[in-house]
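S.K.: what's the 3D shape of this:
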Amino acid sequence: MSSVALLPGLSKIAADYDAILCDVWGVVHNGREAFADACVALKTFRETRGPVVLITNAPVPKERVTRLFPKFGVPMDCFDDVIASGDATRNELKRQGPGPVYRIGLDEDFGVYAGLPLEFSDDPEVATVICCTSLREYPDGTPEPYREELKRLAQRGLPMICANPDVVFRQGDKLIWSAGSLAKIYREEGGKVISPGKPDEPIYRLASERVAQLAGRVISLGRTLAIGDGPATDVLGANRRGIDALFIGGGIHGHAMGAGDAFLASAEKILAADGVSAKWAMPELGW
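M.R.: Next comes the predicted model:
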């Protein structure tokens, strides 16, 4: 018997849920253009069932996330709000402040620090915490060249705040290494990693609070559906909280998915590789 069921459309299970927590990259858009059917499905759910909160590991505040939506063709009426890992990261940085913070990432990511009472240092002997938002080289950077730098930082005992736990993300037809790949190396070198984003608690706490505000009541985890394409982030985060998961196979694992009848077997294999389980799977989200 299959551990995950093929779902023909979100409409088949919509009545079982009162809220959705939905990933962005790989489900709503691919970094270049929106997935129109996914946007229609989310819009229909929020009009007929309840709140749709987008929950993303983007290492920037939500304003940076939504700013790109018109360019990609994502309609603003297919969701109620966005909770970004960047927002959860800012909460963690406040707790770690004033630092000094050792920054790893693109200059474009530094909006995550805006307005926070922080100090910064490029000297591992002076810094007290690392914040990793991305690789410094976009889009062609790879994680392994960072190992010696990360090893030195780990030997200093500095905790790393990983603003984007995703190891890779898909932009168009290209997979790009993300901050989670550096966090993986940091753990291998004995360093401690704090992940405000999926699959860890901080981002889900913010998302659940926002869902309750939007609904005007607390919605139980059993009446919440998580949708995402990342087994180690979206699905694992849902599993840890007892939230039903819908796995979207056409995202970061699209290159490894079988077509037609082979799709479900591919989905099961990919989920099993990360030790997670989803209740349903779809190639792409649709109503």
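S.K.: Report the contact partners of the spatially closest residue to Ala179 that is not a sequence neighbour.
M.R.: Using C-beta to C-beta, 6 or more residues apart in numbering and skipping residues adjacent in sequence, the residue nearest Ala179 is Asn164, 4.1 Å away. (Each C-beta comes from the backbone N, C-alpha and C, glycine too.) Residues in contact with Asn164, defined by C-beta atoms under 8 Å, 6 or more residues apart in numbering, are 57-59, 85, 132-134, 178-180, 197.
S.K.: need the contact list for Val193.
M.R.: Contacts of Val193 (C-beta under 8 Å, 6+ apart): 159-160, 162, 183, 186-187.
S.K.: Which of the residues you listed ranks first by neighbour count?
M.R.: The most crowded member of the contacts of Val193, judged by other C-beta atoms under 10 Å, is Cys162 (32 neighbours).
S.K.: That one pairs with what?
M.R.: Cys132 (DSSP bridges).
S.K.: coming back round to it: which among the contacts of Asn164 gets closest to Trp280?
M.R.: Of all these, Trp280 sits closest to Asn57, with 21.6 Å by C-beta to C-beta.
S.K.: Against Arg147, how distant is the closest one?
M.R.: To Arg147, Asn57 is 22 Å away according to C-beta to C-beta, to the nearest Å.
S.K.: Looking at the two, which one has more neighbours?
M.R.: The neighbour comparison of Asn57 against Arg147 (other C-beta under 10 Å) goes to Asn57, with 32 against 14.
S.K.: Straight-line length of stretch 228-244, end to end?
M.R.: 11 Å (C-alpha to C-alpha, to the nearest Å).
S.K.: could you pull out the strands for the stretch 151-287 of the chain?
M.R.: 160-162, 168-171, 174-177, 193-194, 224-228, 244-248, 280-282 (DSSP state E, counting those that start in this stretch).
S.K.: Least confident of these, on average?
M.R.: Set side by side, the strands of the stretch 151-287 of the chain give their lowest mean pLDDT on strand 168-171, at a mean of 84.
S.K.: what helices or strands is that one leaning on?
M.R.: Using 3 or more C-beta pairs under 8 Å, 6 or more residues apart in numbering; DSSP states H and E, the elements in contact with strand 168-171 are strand 174-177.
S.K.: Pick out whichever of the contacts of Val193 sits closest to Val65.
M.R.: Cys162 (17.5 Å).
S.K.: for the closest one, what are its contacts?
M.R.: Cys162 neighbours (C-beta under 8 Å, 6+ apart): 132, 179-180, 182-183, 186, 193-197.
S.K.: 10 Å instead, please
M.R.: 57, 59, 85, 89, 92, 104, 130-133, 178-184, 186-187, 193-197, 200 (C-beta atoms under 10 Å, 6 or more residues apart in numbering).
S.K.: Ok, which of the strands of the stretch 151-287 of the chain comes nearest Tyr204?
M.R.: strand 224-228 (9.1 Å).
S.K.: can you give me the helices for the stretch 51-200 of the chain?
M.R.: Along the stretch 51-200 of the chain, the segments classed as helices by DSSP state H, counting those that start in this stretch run 62-66, 69-72, 85-96, 147-155, 179-188.
S.K.: Those into JSON lines, with extra columns for mean pLDDT and distance to Leu214?
M.R.: Listed next are the helices of the stretch 51-200 of the chain as JSON lines, based on pLDDT from 0 to 100; distance: least, C-beta to C-beta, whole Å:
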{"stretch": "helix 62-66", "mean pLDDT": "94", "distance to Leu214": "14"}
{"stretch": "helix 69-72", "mean pLDDT": "97", "distance to Leu214": "18"}
{"stretch": "helix 85-96", "mean pLDDT": "91", "distance to Leu214": "16"}
{"stretch": "helix 147-155", "mean pLDDT": "98", "distance to Leu214": "39"}
{"stretch": "helix 179-188", "mean pLDDT": "97", "distance to Leu214": "29"}
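S.K.: Output those in JSON lines; the columns should cover distance to Gly50.
M.R.: Shown next, in JSON lines, are these (distance: least, C-beta to C-beta, whole Å):
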{"stretch": "helix 62-66", "distance to Gly50": "20"}
{"stretch": "helix 69-72", "distance to Gly50": "21"}
{"stretch": "helix 85-96", "distance to Gly50": "22"}
{"stretch": "helix 147-155", "distance to Gly50": "42"}
{"stretch": "helix 179-188", "distance to Gly50": "30"}
